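S.K.: Coordinates only, no sequence provided:
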């Protein structure tokens, strides 16, 4: 409210008489005071606007985080409450491996590859020596890759298959055996074995060897580096650019049988005595998380570690453990019932877990 002949000071919140004897409230100073007062009001409005915007942003963030947390809790709830919902029997197939690629499920035994629809559809068949144990099975684009470990002096073997046709086959040398393989982002296949590394570019039909100790596991990142797990518990980094092996400052008490690259800075490592840990690649002296796993590996060929987004699944022939990647306590433990687990896969779309056992049964949990 304005009173003629008086000025209201908004800071002191008082009326003052306007006259020439009052140096603070004469006509000349009033113009400056009004201008300053207007500037102050503008600043206050701007501050309140910023505050309101920040509150609105904070509210949006909280809603988003709550939505993420609720989604995270929903996934955890689903995993914690897994139940066996279906059992499929595939008699006399001796199925050992299962994978999920391109929204399809594939199963393999020593000599055959099947696609799972309502029934098993045979994709590829060959004759395989019984002294070969199927060690791994994967699919890259239109190619299937299978690797075998040789028993009784039988040579190790890797096959590259396109549809129903064998494209190329590679055999280990005498006294050499194949343990596993990795496909890098250049579509190069790297075989690891008891004599070191074999680099295969099957488009050029060449093979390069790098001799070192007995390697059981391998993973790689997008920076052209490989990480190798050795039977003696050591972990090493292989640099493509210098073609050199660099030993890292970590030594497990037993053989490193599984490696899983997580991102640019993190890696999962599991050993034959059941230790499962997440490490920062820049600092291997202490794990970021040491998971509380109960698994003891009594059959190296029936052990699998898989990663599906933030879900870790560790499996031996008697048990499956499911972890969230940021929690050391298992969300779910599934134990076998007088059968042996061979392999497993977690389907992306609906988080269905499928476990293949040695009785030619495919168990579905959801």
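M.R.: Ah, there it is. Predicted model only: the values in this text are computed from it and were never measured.
S.K.: SS state for residue 78?
M.R.: helix (DSSP: H, G, I helix; E, B strand; the rest coil).
S.K.: Just the terminal-to-terminal distance for stretch 173-192.
M.R.: 13 Å (C-alpha to C-alpha, to the nearest Å).
S.K.: same question, stretch 80-92
M.R.: 33 Å.
S.K.: Help me confirm that residue 88 comes into contact with residue 357.
M.R.: No - counting by C-beta atoms under 8 Å, residue 88 stays clear of residue 357, with 11.0 Å between them. For glycine as for every other residue, the C-beta is placed from the backbone atoms N, C-alpha and C.
S.K.: Specify which residue of these two has the higher count of neighbours.
M.R.: Using other C-beta atoms under 10 Å as the criterion, residue 88 and residue 357 rank with residue 357 on top: 21 against 15.
S.K.: For beta bridges, what are the partners of that one?
M.R.: Listed beta-bridge partners, residue 357: residue 341 (assigned using DSSP bridges).
S.K.: these two touch, right, residue 92 and residue 359?
M.R.: No - Residue 92 is beyond contact range of residue 359, at 11.1 Å (criterion: C-beta under 8 Å).
S.K.: Compare those two (neighbour count), which wins?
M.R.: Taking neighbours as other C-beta under 10 Å, residue 92 and residue 359 compare with residue 359 leading, 15 against 5.
S.K.: May I have the strands that pair with the helix or strand harbouring residue 137, each with its orientation?
M.R.: Element membership of residue 137, judged by DSSP states H and E, is strand 132-140. Strand 132-140 pairs in its sheet with strand 143-150 (antiparallel), by DSSP bridges.
S.K.: residues in contact with the partner strand?
M.R.: By C-beta atoms under 8 Å, 6 or more residues apart in numbering, the residues outside strand 143-150 that reach it are 106, 108, 110, 113, 123-124, 128, 131-139, 156-162, 167, 172, 177-181, 183, 189, 191, 301.
S.K.: what about burial for the residues you listed, which qualify?
M.R.: With neighbours counted by 16 or more other C-beta atoms under 10 Å, the contacts of strand 143-150 contain buried members at 106, 108, 110, 113, 123-124, 128, 132, 134-139, 156-161, 172, 177-181, 183, 189, 191.
S.K.: So which of those residues sit within strands?
M.R.: 106, 108, 113, 123-124, 132, 134-139, 157-161, 178-181, 183, 189, 191 (DSSP state E).
S.K.: Was I right to think residue 174 contacts residue 154?
M.R.: No - counting by C-beta under 8 Å, residue 154 is not a contact partner of residue 174; they are 10.9 Å apart.
S.K.: who has more neighbours, those two?
M.R.: residue 154 (17 against 7).
S.K.: How about the contacts made by that one?
M.R.: Contacts of residue 154 (C-beta under 8 Å, 6+ apart): 129, 131-132.
S.K.: any idea which of those residues is closest to residue 200?
M.R.: Nearest to residue 200 out of the contacts of residue 154 is residue 132 (C-beta to C-beta; 18.3 Å).
S.K.: which residues pair with the closest one across the strands?
M.R.: In beta-bridge terms (that is, DSSP bridges), residue 132 pairs with residue 150.
S.K.: if I look at it, how far off is residue 146?
M.R.: 10 Å (C-beta to C-beta, to the nearest Å).
S.K.: okay, now the residue nearest to residue 137 when sequence neighbours are not counted: neighbour count?
M.R.: Spatial nearest neighbour of residue 137, excluding adjacent residues (C-beta to C-beta, 6 or more residues apart in numbering): residue 97 at 4.1 Å. Counted by other C-beta under 10 Å, the residues lying close to residue 97 total 22.
S.K.: now swap in residue 343 and tell me
M.R.: The burial count for residue 343: 24, using other C-beta under 10 Å.
S.K.: what about the closest residue to residue 224 other than its chain neighbours, neighbour count?
M.R.: Leaving aside its sequence neighbours, residue 224 sits nearest to residue 240 (C-beta to C-beta, 6+ apart; 4.2 Å). Residues near residue 240, counting by other C-beta under 10 Å, number 16.
S.K.: Any chance of the backbone angles for residue 240?
M.R.: Backbone torsions for residue 240, taken as degrees, to the nearest 10, come to phi -60, psi -40.
S.K.: Next one, pLDDT for it please.
M.R.: Per-residue confidence (pLDDT) for residue 240: 80.
S.K.: would you list every one of the helices in the stretch 1-150 of the chain?
M.R.: 27-80 (DSSP state H, counting those that start in this stretch).
S.K.: pLDDT below threshold where in it?
M.R.: 1-74, 77 (pLDDT under 70).
S.K.: Show me what stretch 336-353 is in contact with.
M.R.: 75, 78-79, 82, 95-100, 103, 105, 299, 302, 304, 306, 308-309, 311, 313, 315-320, 322, 334, 354-359, 361, 364-366.
S.K.: mind listing what's buried in it?
M.R.: 336, 341-346, 351-353.
S.K.: for stretch 89-108, same thing?
M.R.: Going by 16+ other C-beta under 10 Å, stretch 89-108 has these buried residues: 90, 95-100, 105-108.
S.K.: And the furthest pair within those?
M.R.: 90 and 100 (16.8 Å).
S.K.: beta partners of residue 365?
M.R.: residue 84, residue 353.
S.K.: Residue 320 now?
M.R.: residue 315, residue 334.
S.K.: ditto for residue 276
M.R.: With DSSP bridges as the rule, residue 276 is bridged to residue 270, residue 291.
S.K.: can you count the residues close to it?
M.R.: For residue 276, using other C-beta under 10 Å, the count is 24.
S.K.: wait, isn't it in contact with residue 267?
M.R.: No - in this structure, residue 276 is not within contact of residue 267 by C-beta under 8 Å, at 11.8 Å.
S.K.: Great, nothing more from me.
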